[in-house]
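1. Could you work out the structure for the sequence below:
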Amino acid sequence: SMRLKGSKLSVPEIARSLGVRYVVEGSVRKAGNALRITAQLVDAHTDAHLWAQVFDGTLLNIFEFQEEVAHAIVNALRIRLSPPERRAIAEHPIPHPVAYESYLRARYEAWRFSREGLERARRYIATALDIVGDNELLYATLGHITAMEVESGGSFEGVERVEEYAELVARLDSTSPRGFWLRSWAAFQRGDLAKAISWGEKSMAVQPDEPDTLLMLGYLYAHAGRNSKATSFLERALDLDPLTPLTQGVQGFVPVLDGRPEEGIRPYQRHREMDPESPFAVVFVGWALAYAGQIDEALIALDDAGRRFPETAFGSYARSFAQGLRGNSELAIKAITPELEMAGQHSVMFARELAHCYALAGEAERALDWLERAIELGMLNVPFLAEHDRFLDPIRRTPRFSQLLE
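-> Numbering: from 1, shown residues only. Sure, this is the predicted structure:
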């Protein structure tokens, strides 16, 4: 919601952009530790104010205010809550407001895939742990941060640390959906797509409306070639969490895999607009544009990524892919750094893109090597590889390519 702070949009416009009917708006005044919060519930369709209240207290009363607002909304809309919904309103997985704010900031930073953001995320969690001690959600978030470090080109040892965090979370709560999420991600990194999906489904069974789990399952099913199922998970994540930039971007993934790349461009552009400092966001705008055949525009985005993120696997990939698109084979190969190749050993995303870089550079065997690694890691979407992946065209007629598809 902080993305809408100071917005010049009207309440009805905000509601339409988020696909909601009711909006809670208000203000916070802070003097020292004293707080005054005003809140009101608005029906955006009619602009009618259904409820309003003023809360006075301190920062430590925030959770009480939150619970009161939730119950007031329930009463104003005449909603009947189920027992699990009542428990969810009263639940405080991190029982201190400063620690909880640190968790929220860390979660946002973790999805950005930037070194600086991931370092900030770790500092936020360290602050929260200093305040509340052992906590399932905070340890799970450390696992999430570590997972994103690996996805951004970090060492494979990070996968083992994620599994250790999953064990730590399980000791605090054996049914934790966040612990299952970590196990799902680790299984995927180890090339066991079936086990990854199984853990992801367990996580969703416990917490069906958790956007992170829905994103994970959508991503996994896309790799399994179950495109329609992947789309349903990704769209549900977007309904629940439209303001997390990555949730916007990944909506473009399945259209590209499905041979509809022009439909994938706008989601990645929205991601970049919301988080222009994310290397993932900048690179994959270029990626989607390239698949749609808009090469000049793709090169602008890829060159931008290569300049702005020079010491990262994302920057290395962007430079190599751009040179390959230009037909500069020697420069394309020269742009591939050891960091990028290390990332490709345990990231299906980077292994897949290394296959493209080498194929464009005319290095067929090395392209096939990386395609084989991507398949070992879980890229099993056969229609995409066989029909829609235009950047595998240079190696598609080789006997080894056919064997890999088998």
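
2. Can you pull out the low-pLDDT segments for the chain?
-> 1-2 (pLDDT under 70).

3. Please report the distance of residue 42 from residue 154.
-> According to Cβ to Cβ, to the nearest Å, residue 42 stands 45 Å off from residue 154. Where you see a C-beta, it was placed from the backbone N, CA and C, and this is true even at glycine.

4. where do the helices sit along the stretch 251-400 of the chain?
-> Secondary structure of the stretch 251-400 of the chain (DSSP state H, counting those that start in this stretch): helices at 253-257, 261-274, 279-291, 295-308, 313-326, 329-334, 338-346, 348-360, 364-376, 382-383, 399-405.

5. closest to residue 100 out of the ones you listed?
-> The closest of those to residue 100 is helix 261-274. By Cβ to Cβ, the value is 22.9 Å.

6. so what does the closest one touch, helix or strand wise?
-> Packing partners of helix 261-274 (3 or more Cβ pairs under 8 Å, 6 or more residues apart in numbering; DSSP states H and E): helix 245-249, helix 253-257, helix 279-291.

7. Compute the inter-axis angle for it and helix 279-291.
-> Angle of helix 261-274 versus helix 279-291, following axes from the mean of the first three to the mean of the last three Cα atoms, to 10 degrees, is 150 degrees.

8. Please identify the buried residues of helix 261-274?
-> Residues of helix 261-274 classed as buried by neighbour count (16 or more other Cβ atoms under 10 Å): 261, 263-265, 267-272, 274.

9. okay, the residues you listed in CSV with distance to residue 177 next?
-> Shown next, in CSV, are the buried residues of helix 261-274 (distance: Cβ to Cβ, whole Å):
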residue, distance to residue 177
261, 33
263, 31
264, 29
265, 33
267, 26
268, 28
269, 31
270, 27
271, 25
272, 30
274, 26
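
10. so which of the residues you listed would you say is closest to residue 25?
-> Within those, the smallest distance to residue 25 is 21.2 Å, found for residue 274 (Cβ to Cβ).

11. Quick check: nearest residue in space to the closest one, chain neighbours excluded?
-> residue 245 (3.9 Å; Cβ to Cβ, 6 or more residues apart in numbering).

12. in terms of contact, does the one you found touch residue 113 like I think?
-> No - at 10.3 Å, residue 245 does not count as touching residue 113 under the criterion of Cβ atoms under 8 Å.

13. okay, the two: which has more neighbours?
-> residue 113 (24 against 21; other Cβ atoms under 10 Å).

14. how about the more buried one, what does it touch?
-> If a contact means Cβ atoms under 8 Å, 6 or more residues apart in numbering, then residue 113 has 148, 151-152, 278-280, 314 as its contacts.

15. One more pass at 6 Å, please.
-> 152, 278-280 (Cβ atoms under 6 Å, 6 or more residues apart in numbering).

16. which helix is the longest one in this protein?
-> Across the chain, the longest stretch assigned as helix under DSSP state H is helix 115-132.

17. so that one versus helix 279-291, what angle?
-> 140 degrees.

18. okay, now the closest residue to residue 111 other than its chain neighbours: neighbour count?
-> The shortest distance from residue 111 to any non-neighbouring residue, by Cβ to Cβ, 6+ apart, is to residue 246 (4.5 Å). Per other Cβ under 10 Å, the neighbour tally for residue 246 reads 24.

19. What values do phi and psi take at residue 260?
-> Dihedral pair for residue 260: phi -120, psi 60, per degrees, to the nearest 10.

20. meant to ask about residue 58
-> According to degrees, to the nearest 10, residue 58 has phi -120, psi 170.

21. give the contact list for it.
-> 33-35.

22. Please pick the buried ones from those residues.
-> Listed as buried from those are residue 35; burial here means 16+ other Cβ under 10 Å.

23. isn't residue 40 right up against residue 52?
-> Yes - counting by Cβ atoms under 6 Å, residue 40 does reach residue 52; the two are 3.9 Å apart.

24. pull the CA atoms of stretch 367-375 into PDB?
-> These are the backbone C-alpha positions of stretch 367-375, laid out as PDB (Å, rounded to 0.1, in the frame of the first residue of the first chain):
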ATOM      1  CA  ALA A 367      24.700 -24.400 -26.300                       C
ATOM      2  CA  LEU A 368      23.600 -28.100 -26.200                       C
ATOM      3  CA  ASP A 369      25.600 -28.600 -23.000                       C
ATOM      4  CA  TRP A 370      23.800 -25.800 -21.300                       C
ATOM      5  CA  LEU A 371      20.400 -26.900 -22.700                       C
ATOM      6  CA  GLU A 372      21.100 -30.300 -21.200                       C
ATOM      7  CA  ARG A 373      21.900 -28.700 -17.900                       C
ATOM      8  CA  ALA A 374      18.700 -26.600 -18.000                       C
ATOM      9  CA  ILE A 375      16.700 -29.800 -18.700                       C
END
